[in-house]
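Engineer: Provided below for reference: sequence and predicted model.
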Amino acid sequence: GAVVSQHPSWVICKSGTSVKIECRSLDFQATTMFWYRQFPKQSLMLMATSNEGSKATYEQGVEKDKFLINHASLTLSTLTVTSAHPEDSSFYICSSSPPGQNYNEQFFGPGTRLTVL
Amino acid sequence: DAKTTQPTSMDCAEGRAANLPCNHSTISGNEYVYWYRQIHSQGPQYIIHGLKNNETNEMASLIITEDRKSSTLILPHATLRDTAVYYCIVRGGYSGNTPLVFGKGTRLSVIA
């Protein structure tokens, strides 16, 4: 199956700083990637859809100026949490699927745990 | 995408079959039933999917009722490593350019 990686796996930062999370498709080209976040004991919530070469589409209630998404290549999407605050502490997960109709499943990265002090 | 209903939690003895139910009474004719699971602090993992026929792979079996309003995921011989949250998701077939919408899922605890 296809592999999606994330970096870093965990990060701790001070309030007010910015944090960049990378999502990479290792063995396929990803024209679309999805970003989710998950608070403790809750389900995954879709944040945004990242499209290579164009602007991301954000879900209602997600601040696009706070969560900057860049999908500059077919194998890399980045999520930058700007001016992070403790309430942004969460588990951030990305997913993608190889192009073409042969794949019916989404492949998920291992997640990035962000803790804002 | 049709809404799904799953029990909040279930227990299963190690080595026994785990049967996880899912109700999806508003499923439409072209929607598939997908199952994913999420082991603690990891990304979700695809398990299986089906349209109307029963399906089996190396991980599990999926039984879909004839009216397609409900389904059951079966882990034939549960192990401690199967402890996870299991998500039943109903959606159209190809998932490349549309995201998955996760409900609350069923927390399965496999007990030694």
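Structural biologist: That came through, no problem.

Engineer: where in chain A is pLDDT low?
Structural biologist: A:101-103 (pLDDT under 70).

Engineer: ok and the residue in it nearest chain B?
Structural biologist: Closest residue of chain A to chain B, Cβ to the nearest Cβ: A:F108 (3.3 Å). C-beta here means a position set from N, CA and C on the backbone, and glycine is covered the same way.

Engineer: so that residue touches A:A2, yeah?
Structural biologist: No: with contact defined as Cβ atoms under 8 Å, A:F108 does not reach A:A2; the gap is 10.3 Å.

Engineer: burial check on the residue of chain A closest to chain B, number of neighbours?
Structural biologist: Residues lying near A:F108 (other Cβ atoms under 10 Å in any protein chain shown) number 24.

Engineer: who's in contact with it?
Structural biologist: Neighbouring residues of A:F108 by Cβ atoms under 8 Å, 6 or more residues apart in numbering or on different chains: A:4, A:93-95, B:43-45.

Engineer: so what's the spatially most central residue of chain A up against?
Structural biologist: In chain A, the residue lying closest to the centroid (Cα atoms, centre = their mean) is A:W35, at 3.7 Å. Contact analysis of A:W35 by Cβ under 8 Å, 6+ apart lists A:23, A:46-50, A:67, A:69, A:77, A:79, A:92-94.

Engineer: partner strands of the helix or strand containing it, with direction?
Structural biologist: For A:W35, the host element (DSSP states H and E) is strand A:32-38. Paired neighbours of strand A:32-38 in the sheet (DSSP bridges): strand A:45-51 (antiparallel), strand A:90-96 (antiparallel).

Engineer: just say which of those is most tucked in.
Structural biologist: Highest mean neighbour count of these: strand A:90-96, a mean of 25 (counted as mean count of other Cβ atoms under 10 Å in any protein chain shown).
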